[in-house]
Structures are given as structure tokens and as C-alpha cells.
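In: Have a look; sequence and predicted model below, questions after that.
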Amino acid sequence: MNLSFTKKMVLDEEVVEDDSVTVYLRSYLKTNFIERMVKIKFLNFIPNHIVFTSYQFGNAIWNIGKGVVEANSWESEEQLIERSNLTKHFQSSFENSSVTVEYAIKKIIPDTLSASLDGELTEKINELVMQNKIHNDLTWNQLVMNYRMLSNEFIKNLTNQI
């Protein structure tokens with residue numbers, strides 16, 4: 001199904017490989033154009049790698065035990081013009097685009113998670129990123145199953161409105 005202008009992130013892809021599962025939560029501005037994305041890689045259903053992508057602010061990568069290990073902003077309009085006055089191209093992350101962990105935590109991650117369908121999953125991801133530790137009492141598998149159900153309901157409602 002080609003989704004467009006969802007406003008909210010839906011779970012629209014899951015990749016299973018041996019003992020890992022990667023889930024993709026995405027919102028779309030138009031067909032095949034991602035506005036926000038959270039990509040979570042689980043090992044034995046414990047998150048060990050999360051990528052946050054915000055169309056407005058950039059992207060950030062979180063790894064278990066290390067925290068936010070990388071964050072980048074998108075090119076500004078001025079930087080695009082500096083590269084070429086003759087052509088217009090899409091924003092990209094580039095070699096001088098590194099930003100601070102603070103920028104990732106205050107801008108990229110909150111903007112990305114603002115499009116979540118599930119407050120509980122958002123809260124748990126925030127706790128994970130801020131405290132950089134896994135809570136053993138948390139059933140991530142249940143959170144993903146719940147998000148899958150919410151996504152299916154959201155897509156059904158979205159489709160009915162068209």
C-alpha cells in the first residue's frame with residue numbers, strides 16, 4: 001500500500017533476521033516521501049539500535065550502552081545555494097552537518113516522536129534514550145504488537161476517508 005500525508009507514523013515494515021527484528025515507524029508527506037521515521041532494531045526483543053529521522057531537523061542514531069552516537073542536521077537553504085545557484089536539489093545530510101547530542105535530544109528526537117500513535121511507546125523510547133538503560137520489566141514485544149494494531153486501525157480510518 002502506498003501511503004501519503006499520514007501525519008502520524010505507522011508501522012509499515014518489519015524485517016526479521018535470525019534473532020533480530022527491525023521495525024519501521026514512518027509518516028509520509030506524499031507517496032514514498034518520508035516525513036518522520038523511527039527505525040528500531042531489536043535483538044531478542046530488546047532494542048539495541050534506534051534511528052530517528054526528522055524531515056525538519058535531521059537524523060540521530062542511538063545505540064544501547066552508548067546513547068546517541070551520531071546526529072546530523074539537513075542542509076540549510078543557504079548551504080544549498082552555496083553549492084549551486086543553477087540547480088535545485090533535495091536536502092541531504094553532508095560531511096559538515098554533525099550536530100550535538102543536545103540538539104538531537106531537544107530537536108530531532110522529540111520532533112520525530114511527536115508523530116507517534118502510541119504515547120506509551122513514545123514514553124518508553126524517551127526513557128531509553130535519556131537514561132540509556134533497558135528496564136527488564138518492559139515487554140517491548142507487547143509495545144510493538146500494540147503499535148501494529150494502532151497502525152492498522154489508523155490506516156483503515158485513513159483509507160475510509162479517501
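Out: Yes, it's here.
In: Give the burial count for Phe33, as a bare number.
Out: Residues lying near Phe33 (other Cβ atoms under 10 Å) number 11. Yep, even glycine has a C-beta here, placed from its N, CA and C like the rest.
In: So what pairs up with it in the strands?
Out: Beta bridges link Phe33 to Lys30, judged by DSSP bridges.
In: and if you look at the one 10 residues further on?
Out: When bridges are taken as DSSP bridges, the partners of Leu43 come out as Ser20, Ile46.
In: Could you work out the end-to-end span of stretch 45-65 for me?
Out: 16 Å (Cα to Cα, to the nearest Å).
In: what distance separates that stretch from the middle of the whole chain?
Out: Computed by Cα atoms, centre = their mean, to the nearest Å, the separation of stretch 45-65 from the middle of its chain amounts to 6 Å.
In: Equivalent analysis for stretch 39-55, please.
Out: The answer for stretch 39-55 is 8 Å, by Cα atoms, centre = their mean.
In: Could you pull out the buried residues of it?
Out: Lys39, Ile40, Lys41, Phe42, Pro47, His49, Ile50, Val51, Phe52, Thr53, Ser54, Tyr55 (16 or more other Cβ atoms under 10 Å).
In: which strands and helices sit next to the helix or strand encompassing the third one?
Out: In this structure, Lys41 is located in strand 33-43 according to DSSP states H and E. Using 3 or more Cβ pairs under 8 Å, 6 or more residues apart in numbering; DSSP states H and E, the elements in contact with strand 33-43 are strand 20-30, strand 46-54, helix 109-113.
In: one more time with 10 Å, if that's ok
Out: strand 10-17, strand 20-30, strand 46-54, strand 58-63, helix 109-113, helix 119-131, helix 140-161 (3 or more Cβ pairs under 10 Å, 6 or more residues apart in numbering; DSSP states H and E).
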